[in-house]
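Asker: generate coordinates for the sequence data below:
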Amino acid sequence: ALVLLALLGFARAQPQGAEPAAACLVEARNVTIEQTQPWQWHRSLHVVGTASPRLGWQVGLTAAAPPGTKDQAQSSYRITATDPATGKTLWDSGEVASAETLGIAWGGAPLTSRQRVEVTVTIRDHSGRACAPSAKVGFETGLLRTTDWKAEWIGPPVPRNASDTCGMFADDPAPVFRKA
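Answerer: All right, here's what the predicted structure looks like:
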């Protein structure tokens, strides 16, 4: 009964002869980040090897679009990138009047090694109607500077100078290649 009253109240609130605003029939989907590789153990998070990745997405019809809907396009986009741990906005492109969907350059501050980011894309259709935001896509930057790498070689000790290499295998001159 409450739902019916709410619907009746909504119907009365609209001026006579006014039609409800048409819904956006397109959406941004399949947001991609350049050069990302899925982690073997975490398929939903990708790793990128650059401090300023390029972004892309596909524009498709929503489930609400009637069959046979044509001539729908993107007129503008807005990219929002946040830090998933803090919710802090790392980059907000603002609304950009463009139909471009591929190779959109990162416009925020350069990312640092091991930084996690979530990206959302919101588009407007050809009539300027705001569409629902895309699903969030997460990625993490890899080790971007050589100073970020901390490792040691695994193997036999490395000779200190060139003269040490001559006696390295004196006791067994060909440890890999022998006659049976």
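Asker: phi first, then psi, for Asp148.
Answerer: Asp148 has phi and psi values of phi -80, psi -20 when expressed as degrees, to the nearest 10.
Asker: any idea which helix or strand comes after the helix-or-strand element of the chain with minimal mean pLDDT?
Answerer: Across the helices and strands of the chain, mean pLDDT, DSSP states H and E gives its lowest value to helix 2-13, namely a mean of 37. Once the chain leaves helix 2-13, the next helix or strand it forms, by DSSP states H and E, is strand 26-33.
Asker: then that next one to PDB, C-alphas only?
Answerer: In PDB, the C-alpha atoms belonging to strand 26-33 read as follows (Å, rounded to 0.1, in the frame of the first residue of the first chain):
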ATOM      1  CA  VAL A  26      24.600   3.300 -23.500                       C
ATOM      2  CA  GLU A  27      27.200   2.400 -21.000                       C
ATOM      3  CA  ALA A  28      31.000   2.200 -20.600                       C
ATOM      4  CA  ARG A  29      32.100  -1.400 -20.200                       C
ATOM      5  CA  ASN A  30      35.200  -3.600 -20.300                       C
ATOM      6  CA  VAL A  31      37.500  -0.800 -19.000                       C
ATOM      7  CA  THR A  32      41.100  -1.700 -19.800                       C
ATOM      8  CA  ILE A  33      44.500  -0.400 -18.700                       C
END
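Asker: what is that strand packed up against?
Answerer: Here strand 26-33 touches strand 54-61, strand 74-82, strand 116-125, strand 137-141, going by 3 or more Cβ pairs under 8 Å, 6 or more residues apart in numbering; DSSP states H and E. C-beta coordinates here come from the backbone N, C-alpha and C atoms, glycine included.
Asker: so what touches it?
Answerer: 46, 48, 53-62, 65, 72-74, 77, 101, 119-123, 125, 131-135, 137, 139 (Cβ atoms under 8 Å, 6 or more residues apart in numbering).
Asker: how about the helices and strands packed on strand 26-33, which one is nearest Glu152?
Answerer: strand 137-141 (23.7 Å; Cβ to Cβ).
Asker: nearest to Pro156, out of the helices and strands packed on strand 26-33?
Answerer: strand 137-141 (34.4 Å).
Asker: give the pairing partners of the closest one; include direction for each.
Answerer: Strand 137-141 sits in its sheet next to strand 42-48 (parallel), strand 116-125 (antiparallel), going by DSSP bridges.
Asker: in a markdown table: these, plus distance to Thr146, mean neighbour count and mean pLDDT.
Answerer: Shown next, in a markdown table, are the strands paired with strand 137-141 (distance: least, Cβ to Cβ, whole Å; neighbours: other Cβ atoms under 10 Å; pLDDT from 0 to 100):
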| stretch | distance to Thr146 | mean neighbour count | mean pLDDT |
| --- | --- | --- | --- |
| strand 42-48 | 17 | 14 | 69 |
| strand 116-125 | 22 | 20 | 94 |
